[in-house]
Structure formats: structure tokens, C-alpha cells
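Colleague: sequence unknown, structure follows:
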């Protein structure tokens, strides 16, 4: 009985710690084939859920080589892109369908 109780405590404690990891929520908007804001500051060492809202009637592909992420966002819709945790630095992103105007970067400070 004591071993079972100890096992349950250890398992519950592990699950509880795993669910306590910090997640940072951020949002950017695509409008007129540009990202707003085009510079996004994020904290270091946390997982990120980035909501990308496309207010244009045409699709755009959010792409970042540094983040190893690319995702098409249909016109007048939104999506969530998860990544991280990130180390301090700059991470560029762009809209592949309108690369000349859809440019931005994520800045992670120390």
C-alpha cells in the first residue's frame, strides 16, 4: 500500500511539473501584405504560441528559416504557430507570397 501511494505521488508530481511550463501567447496581423507589428519582442526560454491573423482576402505563408516554421494562412482567417523556447537573438520571418512587403523579425532579449 505504501509503495502504491508513493508511486502515485511521484507520478502526480511529475505530471504537475510538466504542465507548469510557461507558455507565452503573442499575436501578429497581416494586413495590406504587411505584418503588424513587424518587430515582435518575446521573452527568452519560454514556449511561444503565435496567433497569426490574416485580414487580407488572399492567403499568405508565414515563413521563418531560423524558427524552422512555415504555414499558409488563408485569407480572412487565423492560425496558431508554436515554437520555442528561444535563446536571445533575432529571428526573421516573412510572407512568402508577398516577400517584398511582408517582412518582420522576432527579438528575444537577454
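Modeller: Right, received. Where do you want to start? This one's a predicted model, so the numbers in the text were calculated from it and none came from an experiment.

Colleague: same for the strand or helix carrying residue 35, what does it pack against?
Modeller: Following DSSP states H and E, one finds residue 35 within strand 34-36. In terms of contacts (3 or more Cβ pairs under 8 Å, 6 or more residues apart in numbering; DSSP states H and E), strand 34-36 is packed against strand 23-31. For the C-beta atoms, the positions are set from N, CA and C on the backbone; glycine is no exception.

Colleague: residues contacting residue 43?
Modeller: 24, 108 (Cβ atoms under 8 Å, 6 or more residues apart in numbering).

Colleague: What score does residue 1 have for pLDDT?
Modeller: You'll see residue 1 listed with a pLDDT of 54.

Colleague: my bad, residue 21
Modeller: For residue 21, the pLDDT comes out at 77.

Colleague: quick one, what contacts it?
Modeller: By Cβ under 8 Å, 6+ apart, the residues touching residue 21 are residue 47.
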